[in-house]
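Enquirer: Have a look; sequence and predicted model below, questions after that.
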Amino acid sequence: MASNIYLLPLAASICLTIALIQAWFMTMVRYLKLEAVKKLFPGYRNLVRSHIDYLMMASLIFSLYLVIVNLGMILPSFILWLIFIGALYNPFGFLLQAIKPDIADGNDLMSKAAVVLGFLPLTIGLGWSAIAVMVLTGQKLLG
């Protein structure tokens, strides 16, 4: 198995760590009422969104890693890198909006292009992986 396969549990572990740190920040804002932290995250709702998104990335990528290893699959290195980059990048937009809520007000073409381009790595990586798993498991089921 290619050594790049370890990008998946690395990405998932980073996502989980970020989500845990965010959980503490949310606790500091919501329950401990720490004004300094509240000022750091004026867009609290987007902090929650980022937290949930990082948790979903961690769960999804840990699961994908286990399926790939269990099936003995080897995914192309570029696919593993796309998943790694996409898993970290996608929730980051919500984190930026939690810190600077007006950052997403851009209605210009460049702002929209940046958002769309941000979704591509994870979409391509997970889409490729899902199709590869479907094909392999279909072959195994049909004999």
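Expert: Right, received. Where do you want to start?
Enquirer: can you tell me which residues contact residue 5?
Expert: Residues near residue 5 by Cβ atoms under 8 Å, 6 or more residues apart in numbering: 65, 68, 69, 74, 75, 80. Glycine gets a C-beta too; all of them are placed from N, C-alpha and C.
Enquirer: Would you agree the second one is in contact with residue 75?
Expert: Yes. Taking Cβ atoms under 8 Å as the contact criterion, residue 68 and residue 75 are neighbours in contact, 6.4 Å apart.
Enquirer: Now list whatever residues contact both of these two.
Expert: Both residue 68 and residue 75 are contacted by 5, 129, under the criterion Cβ under 8 Å, 6+ apart.
Enquirer: re earlier: among the contacts of residue 5, which ones are in strands?
Expert: Counted as lying in strands by DSSP state E, out of the contacts of residue 5, is not a single one.
Enquirer: Make a markdown table from these and add neighbour count, pLDDT and distance to residue 136 to it.
Expert: Converted to a markdown table, the contacts of residue 5 look like this (neighbours: other Cβ atoms under 10 Å; pLDDT from 0 to 100; distance: Cβ to Cβ, whole Å):
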| residue | neighbour count | pLDDT | distance to residue 136 |
| --- | --- | --- | --- |
| 65 | 20 | 98 | 15 |
| 68 | 20 | 97 | 10 |
| 69 | 13 | 97 | 13 |
| 74 | 13 | 95 | 11 |
| 75 | 22 | 96 | 11 |
| 80 | 25 | 98 | 16 |
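Enquirer: which one of these sits closest to residue 86?
Expert: Nearest to residue 86 among the contacts of residue 5, counting by Cβ to Cβ, is residue 80 at 10.8 Å.
Enquirer: Which helix in this structure has the most residues?
Expert: When the chain is parsed with DSSP state H, its longest helix is helix 109-142.
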